[in-house]
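Visitor: The sequence and its predicted three-dimensional model are supplied below.
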Amino acid sequence: MVSSCSKGKVTVKHDPIDFGGQVTKTTATLSGDTGSYDIIETYGFVIPSLATDKKLVALDDLYAKYKDKYDLGSLSESMRKAMTYDGHLYAIPMQGQMFVMAYREDIFKKLNLPVPKTFDDMISAAKAITAAKLMDHPIALPWLATGDITTSFEATMNSLGQDFVTADGKVTLDTPQAKQALESMRALVPYMDPQVTTFDQPKVQQQLYNGTAAMAIMFSGRMNDLTLSTNSKLSKDFGFAAPPKATGDAKYLYDRTSIDGWSIPFNTKLNHDMLFSMMSAAVNERASKASVPAAYPAREGMVTTKNSPYGQAANDSIAGAMPPVVSPILADVTNAIQPILVQVLTGKLSVEDGMTQMQAAGEKIAG
Amino acid sequence: MKPREFWLLIGPSVLVMGGLLVLPLIRTIQWSLQNVHYGTPGTFVGLSNFTAALTDPRFGRAVLFTVIITVISVAILLVLGYLVATGVNMLTVSRPVVLGILLISYVLPQLVGAVAFSWLFDDNFGGVVNHVIAFFGGPKVLWFTDPVPNAILIIANTVWQMLPFAMLIILAGLQGVPAELREAARIDGASAIQTHWNIIIPTIRGVLGFVTLITIMDVLRIFDSLIPLSPQAQAIGNESIMLYVYSVAFANGAQQLGLGSAVNVLTILLILVMLTPFIRGIFKEAKVAR
């Protein structure tokens, strides 16, 4: 990762930042007539609300103008769709992040365990691993109380065919699917570290590195780290698979597909053509190839079993994920239910009470 | 000093203080009475932000937690700071080396220090403390999710981080105690404890008051160290006032700047209330000195 690079008279300044800081800075830079950034990284989840608030430049004309020059037609159509709202393109897709399961292949082989296809399979495997006294808490998931926990709940609901809201804005947190999702997540708790609600993705990685967990499900961007011998002596023991389903009869995988892309903020003073050219160069074939296997670039067919150890798992994950629900209130509802969800998963609130409170919090936002 | 020289010397400080302290304070008070989002002109809402904060049980928990942490940390800092300063004061040749080592935790950025400190308690990163507890037959302590152990962890980090400051100031005070006073106490047959209690502590009470004042203000504003030390602070009730402000005004794209500003105004009032005895003491001493 570079902090800046120059070509001719143009210098691109890029300050690496963590995700939470990025969300805060993006909100701030889009709030006034003058912003700090001329290109911003967005993702499918926030495109609808930013587009509704007219915070992003619609890219349709620029896309048509430069499509052939930068071979933008080879970008995944589904990823472009994720960057589209109300018929307009608001970002050039750059990479995808999907849930992938990493598991200890050596332990699964030793105990003759099948790769889990459902949450029940995960629990069975966890029971076998603890019975063999290999680990105390074989399952590791990023359930950070101030971060990924809502993503995991959303993934569980998606597995059951629902999201927090419908496309027309109806909140669905009091449905049988919501109840089943919460109960399915709570069923995993005894097999995870008791402090799981303090674990973000790096800490889940750390559990795998240390050999204190045998199964983890994270965004694909975390998977390449597991294969590096500099990170863990167990790097050769990890296998990768698509995430399981929440239940045997679930239609989709326990999955989230997040598409990251480049957008032009409405308040930039720079030439839109130049900015669009830069964004297009960042997703060209050479750049995309160079990013594998650390990333899953937006160009079709870039990731395969040959060039990425988790390539097959990532492709299977995308194929089995529920199509995203597009709603401008989804991000706000997600923020609002977070503290209630933590109470439910830590057992301080019953599933029923939690559903009632989350539904009320969601409906307050939906209006 | 001529008035012109006075204003020439004090002018830059007044300008800097006005720009960095007074103007933000005025803006904070203005926003506390408005409903305001980033980059938009606020709309006047009277005292509703204050009502919202004061009726929010989460804010009440944050105030209670912060005050408890402050009182315990400051008490420990004063006692430990005095003991360590007394020990260091007795050193001669090795004093610079010992002082250098003791200051490490103070010069580290607070967040960096807190992350490293958290690893002592985190099983993912070795968790030395839990190993020691297990060695003595104790149970596994959930330092990050159980409220009381987590509060102990936060207090321990606060003391670890701020002890060098308290020690250094108290050490300066101890070095100002006249040797004749100690000598007189010794000749009168006073024990070491009696000498400290009746001679040295009353002599440096001004310094101790200053340490208390600064540490109260610092601990009441505790924020960044809680990010690694208490990742689910809100859920377990171990949220500080500043973490609450960050959460409602900035985190995850939140934009309740009016509510955040109201809480900041309330925090300033809280700090003033907690400092009142010390400020009164300073005024009394100034009056006597006149």
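Guide: That came in fine, so what should we check first?
Visitor: got any ranges where the chain has weak pLDDT?
Guide: All of this is about chain A. Of all residues in chain A, those with pLDDT under 70 make up the ranges A:1-2.
Visitor: that answer is for a different chain, and I need it for chain B
Guide: B:252-254, B:289-290.
Visitor: near chain A, which residues of it show up?
Guide: B:37-40, B:123-125, B:142, B:144-145, B:231-232, B:234-235, B:250-255 (C-beta under 8 Å from any C-beta of the partner chain). Where C-beta positions appear, they are placed from N, C-alpha and C, glycine not excepted.
Visitor: In helices only, show me those residues.
Guide: Secondary structure from DSSP state H places B:234-235 of those in helices.
Visitor: Counting neighbours, which of the residues of chain B next to chain A end up buried?
Guide: Using 16 or more other C-beta atoms under 10 Å in any protein chain shown as the burial test, those include B:38-39, B:123-124, B:142, B:144-145, B:231-232, B:234-235, B:250-255 as buried.
Visitor: So which residues of the stretch 151-290 of chain B form helices?
Guide: Ranges of helices in the stretch 151-290 of chain B, per DSSP state H, counting those that start in this stretch, are B:179-187, B:192-195, B:201-203, B:205-220, B:226-229, B:233-236, B:241-249, B:257-289.
Visitor: biggest strand in chain A, by residue count?
Guide: When chain A is parsed with DSSP state E, its longest strand is strand A:92-104.
Visitor: Could you name the helices and strands sitting against that strand?
Guide: Other elements packing on strand A:92-104 under the criterion 3 or more C-beta pairs under 8 Å, 6 or more residues apart in numbering or on different chains; DSSP states H and E are helix A:77-82, strand A:215-219, helix A:223-226, strand A:238-241, strand A:257-263, helix A:272-282, strand A:296-297, helix A:311-320.
Visitor: Need the residues that contact the third one.
Guide: Where contact means C-beta atoms under 8 Å, 6 or more residues apart in numbering or on different chains, the residues beyond helix A:223-226 that reach it are A:100, A:102, A:205, A:208-209, A:231-232, A:235, A:238, A:240, A:293-294, A:308-310, A:313-314.
Visitor: I'd like to know how many residues surround residue 184.
Guide: All of this is about chain A. Using other C-beta atoms under 10 Å in any protein chain shown as the criterion, A:Ser184 is surrounded by 22 other residues.
Visitor: nope, chain B
Guide: When neighbours are counted by other C-beta under 10 Å, B:Ala184 registers 13.
Visitor: Quick check: it vs A:Pro309, distance?
Guide: Computed with C-beta to C-beta, to the nearest Å, the distance linking B:Ala184 and A:Pro309 is 79 Å.
Visitor: Where do the strands of chain A begin and end?
Guide: Under the criterion DSSP E, strands of chain A are mapped to A:4-7, A:10-13, A:40-43, A:84-85, A:88-89, A:92-104, A:139-140, A:215-219, A:238-241, A:257-263, A:296-297.
Visitor: Redo these as JSON lines? Include distance to B:Phe136.
Guide: JSON lines is the format used below for those (distance: least, C-beta to C-beta, whole Å):
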{"stretch": "strand A:4-7", "distance to B:Phe136": "53"}
{"stretch": "strand A:10-13", "distance to B:Phe136": "53"}
{"stretch": "strand A:40-43", "distance to B:Phe136": "48"}
{"stretch": "strand A:84-85", "distance to B:Phe136": "59"}
{"stretch": "strand A:88-89", "distance to B:Phe136": "63"}
{"stretch": "strand A:92-104", "distance to B:Phe136": "32"}
{"stretch": "strand A:139-140", "distance to B:Phe136": "28"}
{"stretch": "strand A:215-219", "distance to B:Phe136": "32"}
{"stretch": "strand A:238-241", "distance to B:Phe136": "36"}
{"stretch": "strand A:257-263", "distance to B:Phe136": "46"}
{"stretch": "strand A:296-297", "distance to B:Phe136": "48"}
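Visitor: okay, the ones you listed in TSV with distance to B:Gly60 and mean neighbour count next?
Guide: Formatted as TSV, the entries for those read as follows, by distance: least, C-beta to C-beta, whole Å; neighbours: other C-beta atoms under 10 Å in any protein chain shown:
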stretch	distance to B:Gly60	mean neighbour count
strand A:4-7	46	9
strand A:10-13	44	11
strand A:40-43	36	21
strand A:84-85	40	22
strand A:88-89	46	19
strand A:92-104	38	25
strand A:139-140	35	28
strand A:215-219	36	26
strand A:238-241	46	20
strand A:257-263	37	24
strand A:296-297	46	28
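Visitor: quick one: which of these is nearest B:Leu220?
Guide: Closest approach to B:Leu220 among those is made by strand A:40-43 (35.8 Å; C-beta to C-beta).
Visitor: Quick check: residues of the stretch 201-350 of chain A near chain B?
Guide: Where the stretch 201-350 of chain A comes near chain B, counting by C-beta under 8 Å from any C-beta, the residues are A:203, A:206-207, A:210, A:212, A:331, A:335, A:339, A:342-343, A:346, A:348.
Visitor: Buried residues, stretch A:118-132. List them.
Guide: Result for stretch A:118-132 [16+ other C-beta under 10 Å]: buried residues A:118-123, A:125-126, A:128-130.
Visitor: same check, this time on stretch B:264-272
Guide: Within stretch B:264-272, the residues that qualify as buried are B:264-267, B:270-271, counting by 16+ other C-beta under 10 Å.
Visitor: quick one: contacts of it?
Guide: B:28-29, B:32, B:50, B:53-54, B:63, B:67, B:216-217, B:220-221, B:241-242, B:245.
Visitor: Now do the helices in the stretch 151-300 of chain A.
Guide: Shown for the stretch 151-300 of chain A, the helices assigned by DSSP H, counting those that start in this stretch span residues A:176-188, A:201-210, A:223-226, A:272-282, A:285-291.
Visitor: For B:Asn150, which of the ones you listed is the nearest?
Guide: helix A:201-210 (16.2 Å).
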